[in-house]
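Trainee: Sequence plus the predicted model coming up.
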Amino acid sequence: MSLELTNSPLGRLFCSGSAILIVFDMDGTLIDGETIDELAKAANVGDLVAGLTKRAMRGEMDYEEALRERVKLLKGLNVAEVNKVASELLLMKGAKELIQELKKEYKIAMVSGGFTIVARKVAQELGIDCLMANELVIQDGLLTGEVIGPLVHQNSKKEALEAIAKREGVRPEDCIVIGDGANDVSMFEAAGFSIAFNASPILYDIADIVIMQKDLTMILPIFERGAHAERVAGKKSLAKKGSRRLEA
């Protein structure tokens, strides 16, 4: 599978070194909502697609099957409507504040099973260093109902994490990952430290930290206390020993 990394215009280029990376999911994590659900509303198939999204995020159906079935339902949607939806999606509460603080010490990547038409906008707005996302196929100004890209399979995010870590010259165990759904499981299992944010229960038992409230600034104290440092540095076993849940 070809993995293509795209640098955000406002982000820094990755370079060889030992900096720890933080890898974010996008939909439901850095943005407050699911892109495909909003596109489905514009295509008048909102309820049907939302139901498939919930099942996929809970791990009740194969991720690739769910993705392709949902995108197929978007066939014929005008690209102007797609761009309108992309422009109206809101960042998650606390996203700007969190990324601004983390970028002082860490490099930030975004790995999304969502679409570049939104991911590039989010990466530019937040100054994210690197992004990886899927592409909606467009022909004659309309969606064809097809999706291509590096993140269409169930375990794609693990492969994406490994590719980004290799490019930066670190191990996946040197990375911190933050996400919310079943397609993040493989990434959580490969990383040194994981945070389930506003997440599906499927992530609770494999995450190091579970944050229930939809406010990304709740992540900052974890870094301020250094709760992640010993684990990521490899000073202890990386085996998960149960998650700590933070609730507001």
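Mentor: All right, it came through fine.

Trainee: all contacts plus neighbour counts: C-alpha atoms, from now on.
Mentor: Fine.

Trainee: show me where this structure has helices.
Mentor: If DSSP state H is used as the criterion, the helices of the chain fall at 35-42, 46-57, 63-72, 79-88, 95-102, 116-126, 156-168, 185-190, 220-224, 229-232.

Trainee: Between these, which one is closest to Ile138.
Mentor: helix 79-88 (7.5 Å; Cα to Cα).

Trainee: Give me the contact list for the closest one.
Mentor: Outside helix 79-88, the residues within contact range by Cα atoms under 8 Å, 6 or more residues apart in numbering are Thr35, Glu38, Leu39, Ala42, Ile117, Val118, Ile138, Gly141, Leu142, Leu143.

Trainee: My guess is the last one contacts Asn78. True?
Mentor: Spelled out, it's Leu143. Yes: Leu143 lies in contact with Asn78 (Cα atoms under 8 Å); the separation is 6.5 Å.

Trainee: Tell me which of those two has more neighbours.
Mentor: Higher neighbour count among Leu143 and Asn78: Leu143, with 21 against 18, using other Cα atoms under 10 Å.

Trainee: what residues are up against that one?
Mentor: Going by Cα under 8 Å, 6+ apart, Leu143 touches Leu74, Lys75, Gly76, Leu77, Asn78, Val79, Leu136, Val137.

Trainee: same question, Leu126
Mentor: Leu126 neighbours (Cα under 8 Å, 6+ apart): Ala95, Lys96, Ile99, Gln100.

Trainee: Same check on Gln154?
Mentor: Listed by Cα under 8 Å, 6+ apart, the contact partners of Gln154 are Asp62, Tyr63, Glu64, Asn183, Ser186.

Trainee: State the pLDDT value of the residue lying closest to the second one once chain neighbours are set aside.
Mentor: The one in question is Tyr63. Leaving aside its chain neighbours, Tyr63 sits nearest to Gln154 (5.2 Å; criterion: Cα to Cα, 6 or more residues apart in numbering). Looking at Gln154, its pLDDT stands at 85.

Trainee: Show me the beta-bridge partners of Ile148.
Mentor: In this entry, Ile148 is beta-bridged to Glu135, by DSSP bridges.

Trainee: same question, Cys175
Mentor: Beta-bridge partners for Cys175, by DSSP bridges, are Leu21.

Trainee: quick one: it from Glu81, how far?
Mentor: According to Cα to Cα, to the nearest Å, Cys175 stands 36 Å off from Glu81.

Trainee: try Glu168
Mentor: Counting by Cα to Cα, the separation of Glu168 from Glu81 is 37 Å.

Trainee: same check, this time on Arg68
Mentor: Arg68 is 20 Å from Glu81, by Cα to Cα.

Trainee: rewinding a little: with neighbour numbers in mind, choose between Glu168 and Glu81.
Mentor: Glu168 (19 against 14).

Trainee: Kind regards, and thank you for your time.
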